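**Student:** sequence first, predicted model second:
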Amino acid sequence: MLLGYGFGCYHSQMKYSVLVLLTLSLWGCSLAPYETENTSVTPEPTAVEPQEETVEQDVQVTTIDDESLGPGTVIPVPKNPAVDALQKEAQSAVLAGNYDNAAMALERAVRIEPRDPKVWLELAKVRFTQGQYAQARELAQKARRLAGVDGQIKSEAERIINRAR
């Protein structure tokens, strides 16, 4: 008798489990996938004639004499508006006598545009003014390397290098 009672309980539990699983699986199948109210329809592609648009951009062409790139390598350096803004910020800081802020702005500009010799040269000038001659010399040497054929930057960099010795 005990054996029959245990089997009956097990049998009813199994029926209940199968019924629950069957109900859940049917309920899951009846759910529609989630859709948003705004269903957009992709428009048919239309033929668009290419329009020639001329975008003028200030580009500074820099010739670099560096062993890794080869002698006389020409690399165009587009003017970056963020770098221009940082250079203006540095100029204002220099005029106000705040050389630390000028150096911070120029260091940010160098991180944005590391191939711009003018930024390196300006940073060298600020460091020279701060009395950091060794760093000013290194920065001026970097500016001179990046200057390529730009004689003005090269001569200014040479002047800082010679004065910082």
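**Tutor:** On my side now, so go ahead.
**Student:** C-alpha only now, for contacts and for neighbours.
**Tutor:** Fine.
**Student:** the strands in this protein, which residues?
**Tutor:** Using DSSP state E, the strands of the chain run over 59-66, 70-78.
**Student:** worst average pLDDT in these?
**Tutor:** When mean pLDDT is averaged over each of those, strand 59-66 scores lowest at a mean of 49.
**Student:** where does this structure dip in pLDDT?
**Tutor:** 1-78 (pLDDT under 70).
**Student:** all helices for the protein, in order.
**Tutor:** Applying DSSP state H to the chain gives helices spanning 2-30, 81-95, 99-112, 117-129, 133-147, 151-163.
**Student:** the third one vs helix 117-129, what angle?
**Tutor:** What separates the directions of helix 99-112 and helix 117-129 is an angle of 150 degrees, with axes from the mean of the first three to the mean of the last three CA atoms, to 10 degrees.
**Student:** report the buried residues of helix 99-112.
**Tutor:** Within helix 99-112, the residues that count as buried by 16 or more other CA atoms under 10 Å are 99, 101-103, 105-110.
**Student:** and the gap between Arg108 and Leu123?
**Tutor:** Look at Arg108 and Leu123: by CA to CA, to the nearest Å, they are 10 Å apart.
**Student:** do the same with Ala136
**Tutor:** The gap separating Ala136 from Leu123 is 8 Å, by CA to CA.
**Student:** and for Asn98?
**Tutor:** Asn98 sits 13 Å away from Leu123, taking CA to CA as the criterion.
**Student:** which of those two has more neighbours?
**Tutor:** Leu123 (28 against 14; other CA atoms under 10 Å).
**Student:** you'd agree that one is up against Glu107?
**Tutor:** Yes. Using CA atoms under 8 Å, Leu123 is in contact with Glu107, at 7.3 Å.
**Student:** neighbours around Arg165, how many?
**Tutor:** By other CA under 10 Å, 9 other residues sit near Arg165.
**Student:** quick one: residues contacting it.
**Tutor:** 133-134, 137 (CA atoms under 8 Å, 6 or more residues apart in numbering).
**Student:** just the buried residues of those residues.
**Tutor:** Neighbour counting by 16+ other CA under 10 Å classes 133, 137 among the contacts of Arg165 as buried.
**Student:** out of the contacts of Arg165, which one sits closest to Arg115?
**Tutor:** Using CA to CA, Arg137 is the member of those that sits closest to Arg115, with 17.4 Å.
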